[in-house]
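Novice: curious how this folds, go ahead:
(2 chains)
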Amino acid sequence: MQLSVKAALASASPHDAVLLSGWVRTRRDAKSFSFLELNDGSCLKGIQIVADAGIPGSDDLHKMTTGASIAVSGKLVPSQGSEQQWEVHASSLSLIGPADESYPLQKKGHSLEFLRSIAHLRPRSNLFGAVFRIRSRLTFAVHRFFQERGFVNVHTPLITASDCEGAGEMFRVTTLPQGANTPPEQDFFGRNAFLTVSGQLEAETFACALGKVYTFGPTFRAENSNTSRHAAEFWMIEPEVAFCDLAADMDLAEAHVKDMVRTVLSECREDIEFCNRFVDKELIARLTMVAETPFQRLTYEDAVAILKASSHPFEYPVEYGLNLQSEHERFLTEKHFKCPVTVYNYPKEIKPFYMRLNDDDRTVAAMDLLVPGIGELIGGSQREERLDVLLASMARHNVNPDDYWWYTDLRKYGSVPHAGYGMGFERLLMFVTGVGNIRDVIPFARTPGSAEF
RNA sequence: UCCGGCGUAGCUCAGCGGCAGAGCGGGUGGCUGUUAACCACUAGGUCGUAGGUUCGAACCCUACCGCCGGAGCCA
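Specialist: Residues are numbered from 1 along each chain as shown, chains lettered A, B, ... in the order given. Reported below is the predicted structural model:
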């Protein structure tokens, strides 16, 4: 019977004939037999293979070094060793693909920086195996969370012609030859085109038809930002809900974060425990707190008051009308409240044109959800649904309404209050694994000056 | 893009003006129901690149490249 290592380790009873295949992590030879640790990626742990000298295939044992791929058939039996419940007594071995002495992964730990330089091999390490199994499970959980609540998934375009969505520099998409000075009318789309920085505006059109929608896909930013929390290509989750105000939007965001955290705690336990042991010793305690504690919620104005009243020495000034800096956000969530915090109602001057103007005429219905260790995990808002107010806001932000005729149309035909937010999927992964660099939670990171693999 | 730090063996690092080093990993041999096994031996180097200072540079200076941390922008 062909078994994954995960299935073999979870077996309830011995088995006379099993077949496993995977990669050798380590081998220890005795005179008359060898121990092999076999890992196939199905789970964190490997299974111990006991191979007596002389069985079919044992002539190749010396080639079954760390990194080699092999197939093993034999019996699944209780282990005599104290560190595992089951092991396989091999009846035959088969070397599938050897790995010579240049194989770069050792049995012992490597730095994350080195593993980044061998991104094609790092999923074979314990940490990256765990991170990418969690990433997969969380991808599934995102869809489950929204589908269970009646949301419709929308595939918004990756190529867009809106050239100023207010979310940073964009990559241009063109088929024109390099250096050509051809007008955009002669380009592939008959105009300038770019990789999307957000599916929000398109998602709004679908929310104003299907009610509750979400997008979950890659987005692109051509910002030259060189930090551990930014990538040029990253995945974003963007729900958009019709007949929804900011309070309900914040409720959804909080439920969403809690659901993601509970998912990894219950469905990725072994991998999360590995992260807790080797990445961040506070991880499980923090995630448990997040799953169980209500999030704090306060206005931007109250947040500024708290920051001004604190004796904490901030590098940047705190003043109403200025953006909260990273150090301010982290003080609120890590030091002051010691739990996730949602800050809402920001001054209209520091937020984009599409956010709904509040009755005070000074603030917009925006919210940022801040979490310990990461800072901003979610940014969202109630959208401006009143055509005249939206047009005034566009004018204030120097946005040409003609470029957004389809967006303003939504306000002309059956306009409704609606709201949504964006959650960076990699930021979420950093938060639930404790991994400190975005390059280590995405399979092949694209950052300024770096697109190897 | 700005500020700071770091580039020495496959990996992690020490050496900081006078013979190029250690641990791990690799190879060879031994030993052992072992499990980051253990013991012995052994191979392995353009000290990031280019220039400069000096009798002499891995070490001091300059520029560039790369990486890391922080900041800005944001998710």
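Novice: helix, strand or coil for the residue of the stretch 51-200 of chain A at minimum distance from RNA strand B?
Specialist: Nearest residue of the stretch 51-200 of chain A to RNA strand B: residue A:81, at 2.1 Å (Cβ to the nearest atom of the strand). Every C-beta, even on glycine, is put in place using the N, C-alpha and C of the backbone. Following DSSP: H, G, I helix; E, B strand; the rest coil, we place residue A:81 in the coil state.
Novice: report whether the top strand by length along chain A contacts RNA strand B.
Specialist: Ranked by residue count under DSSP state E, the longest strand found in chain A is strand A:15-29. Yes: judged by Cβ under 7 Å from any atom of the strand, strand A:15-29 comes into contact with RNA strand B at A:26, A:28-29.
Novice: now that strand - C-alpha only, PDB.
Specialist: Listed next in PDB are the C-alpha coordinates belonging to strand A:15-29 (Å, rounded to 0.1, in the frame of the first residue of the first chain):
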ATOM      1  CA  HIS A  15       1.000  -2.900   8.400                       C
ATOM      2  CA  ASP A  16       2.700  -5.800   6.600                       C
ATOM      3  CA  ALA A  17       3.300  -4.100   3.300                       C
ATOM      4  CA  VAL A  18       3.800  -0.400   2.800                       C
ATOM      5  CA  LEU A  19       5.500   1.600   0.100                       C
ATOM      6  CA  LEU A  20       6.800   5.100   0.800                       C
ATOM      7  CA  SER A  21       8.800   7.500  -1.300                       C
ATOM      8  CA  GLY A  22      10.500  10.700  -0.400                       C
ATOM      9  CA  TRP A  23      13.800  12.400   0.200                       C
ATOM     10  CA  VAL A  24      16.500  11.300   2.700                       C
ATOM     11  CA  ARG A  25      17.100  13.800   5.500                       C
ATOM     12  CA  THR A  26      19.900  11.800   7.200                       C
ATOM     13  CA  ARG A  27      21.400   8.300   7.300                       C
ATOM     14  CA  ARG A  28      23.200   6.600  10.200                       C
ATOM     15  CA  ASP A  29      25.000   3.400   9.400                       C
END
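Novice: in it, what counts as buried?
Specialist: By neighbour count with 16 or more other Cβ atoms under 10 Å, strand A:15-29 contains the buried residues A:15, A:18, A:20-25, A:27.
Novice: what do you get for stretch A:28-44?
Specialist: The neighbour-count criterion (16+ other Cβ under 10 Å) identifies A:33-34, A:36-44 as the buried residues of stretch A:28-44.
Novice: let's see which of these end up in strands.
Specialist: When the buried residues of stretch A:28-44 are checked against strands (DSSP E), the matches are A:33-34, A:36-39.
Novice: which of these sit farthest apart?
Specialist: Of all pairs drawn from those, the greatest distance, 20.0 Å, lies between A:33 and A:39 (Cβ to Cβ).
Novice: returning to that earlier point: per-residue confidence at the residue of the stretch 51-200 of chain A closest to RNA strand B?
Specialist: For residue A:81, the model assigns a pLDDT of 86.
Novice: swap in residue A:112?
Specialist: According to the predicted model, the pLDDT of residue A:112 comes to 91.
Novice: same check, this time on the one 4 residues further on
Specialist: Residue A:116 is assigned 90 on the pLDDT scale.
Novice: give me the element it is part of.
Specialist: Assigned by DSSP states H and E, residue A:116 belongs to helix A:112-117.
Novice: show me how far that helix is from its chain's centre.
Specialist: In terms of Cα atoms, centre = their mean, to the nearest Å, the gap separating the centre of helix A:112-117 from the centre of its chain is 19 Å.
Novice: same check on stretch A:116-129?
Specialist: 17 Å.
Novice: buried residues, it. List them.
Specialist: By neighbour count on 16+ other Cβ under 10 Å, the buried set for stretch A:116-129 is A:116, A:119, A:122-129.
Novice: that one near RNA strand B anywhere?
Specialist: Yes: for a cut-off given as Cβ under 7 Å from any atom of the strand, stretch A:116-129 has contacts with RNA strand B, namely residue A:116.
Novice: quick check: residues of the stretch 151-300 of chain A near RNA strand B?
Specialist: By Cβ under 7 Å from any atom of the strand, the part of the stretch 151-300 of chain A that sits against RNA strand B consists of A:167-168, A:198, A:221, A:223-232, A:234, A:236.
Novice: what do you get if the cut-off is 6 Å, keeping everything else the same?
Specialist: A:167-168, A:221, A:223-228, A:230-231, A:234, A:236 (Cβ under 6 Å from any atom of the strand).
Novice: before we move on, the earlier item: run the angle between the longest strand of chain A and strand A:33-39 for me.
Specialist: 100 degrees (axes from the mean of the first three to the mean of the last three Cα atoms, to 10 degrees).
Novice: list the helices and strands strand A:15-29 packs on?
Specialist: helix A:5-9, strand A:33-39, strand A:69-78, strand A:86-97 (3 or more Cβ pairs under 8 Å, 6 or more residues apart in numbering; DSSP states H and E).
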